[in-house]
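Enquirer: predicted model follows, preceded by the sequence.
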Amino acid sequence: MPDRPPHHPGAEQPLFPPPPRPCPVRVVVADDNPVVRAGLTALLSGREDITVVAQAADGREAYEAACLHRPDVVLLDVRMPGVDGLSALPHLARIARVVMLTYSHEAEIVQEALRGGAGGYLVHGEFTVEELVSAVRDVTRGRAHFTPTAATAVLAHLRSDATAHVKADPSPLFSTTSTEALSQLQPIVRQSSSVFRAGFQLSAREAEIMDLIASGMNNQQIAATCFISEKTVKNHINRIFAKLHSSSRSEAAAKWLGTAVTS
């Protein structure tokens with residue numbers, strides 16, 4: 001009779017093996033600002049359950065990347081050279097969930113994005129890093145996300161639709177579509193961008209200039225936009241850098257947008 005193999009207590013296979021880890025959420029980041037793209041990519045790639053599979057500088061590149069990589073989510077800017085985000089949106093929405101991630105906060109743009117198939121609308125400066133990560137995770141499950149400015153535009157649109165419906169048929173207070181949309185409208189951020197940005201302690205003018213820096217403008221363009229001299233712009237930037245503990249425009253922009261990678 002052959003000898004039995006030696007018994008090793010730790011060698012037994014578990015009765016119920018652990019469930020397989022879910023596949024990471026695959027993301028394409030589309031923004032014409034390379035600082036924003038790099039910051040978002042570094043931020044999201046540091047999460048175990050999220051991976052950035054491609055970057056794009058305009059709507060055409062975003063569509064080509066989506067066709068090639070078949071992502072779960074596309075983070076899409078509105079204003080980009082060449083093919084802009086709103087033009088590319090209907091095509092992208094057939095491939096993946098699309099979240100607009102942009103400076104554009106005008107109500108008509110928000111509403112056009114939703115009509116084009118966007119599953120969320122986040123305005124820069126109105127969300128924290130963790131809230132952005134949660135939005136990426138949740139949108140894959142069909143949960144819409146809006147920052148306060150976008151949510152206000154959506155609510156105004158829904159109320160307008162509801163009012164028109166009541167005038168046409170006064171029996172129900174709201175249409176079914178409007179009621180369902182209102183119940184699903186869940187802004188993921190604090191009540192205003194000033195709450196999130198208050199920690200930087202920038203003045204209103206400094207915050208305006210920091211927005212322009214983050215959008216990619218140089219000092220000459222900022223001076224023309226704000227109707228001030230370039231020397232005044234430089235003085236503001238020096239104070240901004242001191243308050244943000246930054247030594248470069250890209251570092252300051254990353255902190256301002258909430259995409260700075262911290263240890």
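Expert: The structure has been received and is ready for your questions.

Enquirer: what about the strands in the stretch 1-150 of the chain?
Expert: Along the stretch 1-150 of the chain, counting by DSSP state E, counting those that start in this stretch, strands occupy 25-30, 50-56, 73-76, 97-102, 120-123, 145-146.

Enquirer: which other helices and strands contact the third one?
Expert: Identification of packing neighbours for strand 73-76 by 3 or more C-beta pairs under 8 Å, 6 or more residues apart in numbering; DSSP states H and E yields strand 25-30, helix 59-69, helix 85-92, strand 97-102, helix 129-139. Any C-beta I mention is one placed from the backbone N, CA and C, and that applies to glycine too.

Enquirer: quick one: low-confidence parts of this structure?
Expert: Along the chain, segments meeting pLDDT under 70 span 1-22, 157-199, 259-263.

Enquirer: please enumerate the helices of it.
Expert: Assigned by DSSP state H, the helices in the chain fall at 34-45, 59-69, 85-92, 107-115, 129-139, 148-168, 176-184, 193-197, 204-214, 219-226, 230-244, 249-257.

Enquirer: and the fifth one, C-alpha only, in CSV?
Expert: Listed in CSV are the C-alpha atoms of helix 129-139, where the atom choice follows Å, rounded to 0.1, in the frame of the first residue of the first chain:
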residue,chain,number,x,y,z
VAL,A,129,-11.6,64.7,-5.9
GLU,A,130,-13.5,61.9,-4.1
GLU,A,131,-16.8,63.1,-5.5
LEU,A,132,-15.4,63.0,-9.0
VAL,A,133,-14.1,59.4,-8.4
SER,A,134,-17.6,58.5,-7.1
ALA,A,135,-19.2,60.0,-10.1
VAL,A,136,-17.1,57.9,-12.5
ARG,A,137,-17.9,54.7,-10.5
ASP,A,138,-21.6,55.4,-10.2
VAL,A,139,-22.3,56.5,-13.7
